[in-house]
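Engineer: After the sequence you'll find the predicted model.
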Amino acid sequence: MDTNVARVLRLFRLSVPPVFFLLACYVFLGEHVFGLAYVVGRRLKPRLRATLRGLYRLGTAFVAFVMHTYLWYACAADDAASQCPRARFGERHCLAITSASALYCGATLLMERWANPLFELGLHTGLRARTCAAMGLMLTWITIADQQLCAHLLLLLFTSRRTLVHFPAVEKAYALCIKLYAFVHMSRVLTHKCDAIPKLAVATVAAMAVL
């Protein structure tokens, strides 16, 4: 394995505790902490707020689309049709887009605590929704550190959700396909037909069930 690739994977392993702490803060910080965003949002003119909301959604959807497409391009294995495709974390391009996608998902998760009241995005930010989102991102971080295929499935789910934000029916159907593939992969891992960490495969399916 390339030295730089090994170094990045090591950074993911070392950053698991700090990321856990950051996501715990994200979950337990109440809405009153973001009171300034509510105040500023109420003072914005309706037309300006609608314009900013549209630009925000368009911008995040475009970035997510680029990342989602490049994940397929850089990380799809030569044996992608197989039920046990190999994870390509050892290749620079795949690891680069995987890392960038994970950072993007984490950044937008935190940023939307401000953007939601500011632009009236209408997102669910209750305790349960925050816990599920944090759990999914934390699991993504761990599976990247352990070079598991599940990391790519989680990132594909997250980026597709943002890409298809204006097409909820298509997003649900596409997400269901990813979840079904994750379930098939877990089944083959548990029956020792695929080489992966069983507990992470099970955790991925459980996390996807509530995402």
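Structural biologist: Received the coordinates, thanks. Fair warning: this is a prediction, and the values are worked out from it, not measured in the lab.
Engineer: Flag the helix or strand of this protein with the lowest per-element mean pLDDT.
Structural biologist: When the helices and strands of the chain are scored by mean pLDDT, DSSP states H and E, helix 35-43 comes last with a mean of 86.
Engineer: other SSEs contacting that helix?
Structural biologist: Where contact means 3 or more Cβ pairs under 8 Å, 6 or more residues apart in numbering; DSSP states H and E, helix 35-43 is packed against helix 92-119. (Glycine included, C-beta is placed from N, CA and C.)
Engineer: Let me see the contact set for the spatially most central residue of the chain.
Structural biologist: In the chain, the centroid-proximal residue (Cα atoms, centre = their mean) is residue 158; its distance is 3.9 Å. Residues in contact with residue 158 (Cβ atoms under 8 Å, 6 or more residues apart in numbering) are 64, 101, 105, 136-137, 140.
Engineer: same thing but 6 Å
Structural biologist: Residue 158 makes contact with residue 105, according to Cβ atoms under 6 Å, 6 or more residues apart in numbering.
Engineer: For residue 69, see how far away it is.
Structural biologist: 14 Å (Cβ to Cβ, to the nearest Å).
Engineer: Same question for residue 187.
Structural biologist: According to Cβ to Cβ, residue 187 and residue 69 sit 28 Å apart.
Engineer: now swap in residue 95 and tell me
Structural biologist: 17 Å.
Engineer: Settle it for me: which of the two has more neighbours?
Structural biologist: Set residue 95 next to residue 69 and count neighbours by other Cβ atoms under 10 Å: residue 95 wins out with 23 against 13.
Engineer: I'd say the more buried one and residue 89 touch.
Structural biologist: Yes - using Cβ atoms under 6 Å, residue 95 is in contact with residue 89, at 5.5 Å.
Engineer: same for the host helix or strand of residue 180, what does it pack against?
Structural biologist: According to DSSP states H and E, residue 180 maps onto helix 168-190. Judged by 3 or more Cβ pairs under 6 Å, 6 or more residues apart in numbering; DSSP states H and E, helix 168-190 is in contact with helix 149-163, helix 198-210.
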